[in-house]
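Q: quick one, what's the 3D model for this:
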Amino acid sequence: MGLFGDGGIGKSMKIWGDAYLVRDNPELDRKVEAALDAVSSAGERGIQVLVDALYDGISLSGGSIQLKDWGDYTWNELLKKREIIRALQRGNARSSRSKLKVLLEANCRYGQWAEIVVPALRKAIEVLDVSEG
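A: Numbers count the residues shown, from 1 in each chain. Take a look at the predicted model:
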């Protein structure tokens, strides 16, 4: 059993994990979206897998975010994080809201984090807050 377990969740997360999202590829984008939506629809287990994948490579300390050194793949990794956030939003994963808020409120000195991830966090939290009310 791997990081994301076996079965459908594992297969779906492999599609996401192997994806190279930097190039414009609408077909791949649709596959990744469908795979992540399948995970989010697996209930709390799926939501937890997505949250764990979102936080993988991210360290929080004193209100600041440190990112793993992904080297040339940093942009792709951040795009993949954005897709997880979007899947949590589409899946109305209210249980993930507090984890998303922690990331939004933390400081990150990496500019691409602010450009790629922060807008997705804001939108997801806004949608999840509205769905709660």
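Q: when you work out contacts or count neighbours from here on, use the C-alpha atoms and nothing else.
A: Will do.
Q: show me what the longest helix seen in the chain is packed up against.
A: Secondary structure assigned by DSSP state H gives helix 74-90 as the longest helix of the chain. The elements that helix 74-90 packs onto, with contact taken as 3 or more Cα pairs under 8 Å, 6 or more residues apart in numbering; DSSP states H and E, are helix 26-40, helix 44-55, helix 118-132.
Q: out of the ones you listed, which gets nearest to residue 70?
A: Among these, helix 44-55 comes nearest to residue 70, with 14.0 Å by Cα to Cα.
Q: ok so, going back, quick one: buried residues of the next helix or strand after the longest helix of the chain?
A: Note on helix 74-90: by DSSP states H and E, the next helix or strand toward the C-terminus is helix 97-105. Under the neighbour-count criterion of 16 or more other Cα atoms under 10 Å, helix 97-105 has 97, 100, 103-104 buried.
Q: as JSON lines, the helices and strands packed on helix 74-90 with mean pLDDT, distance to residue 85 and mean neighbour count would be great.
A: Conversion of these to JSON lines gives the following (pLDDT from 0 to 100; distance: least, Cα to Cα, whole Å; neighbours: other Cα atoms under 10 Å):
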{"stretch": "helix 26-40", "mean pLDDT": "97", "distance to residue 85": "10", "mean neighbour count": "19"}
{"stretch": "helix 44-55", "mean pLDDT": "97", "distance to residue 85": "8", "mean neighbour count": "19"}
{"stretch": "helix 118-132", "mean pLDDT": "92", "distance to residue 85": "6", "mean neighbour count": "16"}
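Q: got CSV for the ones you listed, with distance to residue 74 too?
A: CSV is the format used below for these (distance: least, Cα to Cα, whole Å):
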stretch, distance to residue 74
helix 26-40, 18
helix 44-55, 14
helix 118-132, 15
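Q: closest one to residue 83 among those?
A: helix 26-40 (7.2 Å).
Q: ok, back up a step: show me which residues of the longest helix of the chain are buried.
A: 75-90.
Q: and which of those is nearest to residue 37?
A: Using Cα to Cα, the buried residues of helix 74-90 come closest to residue 37 at residue 87, 5.7 Å.
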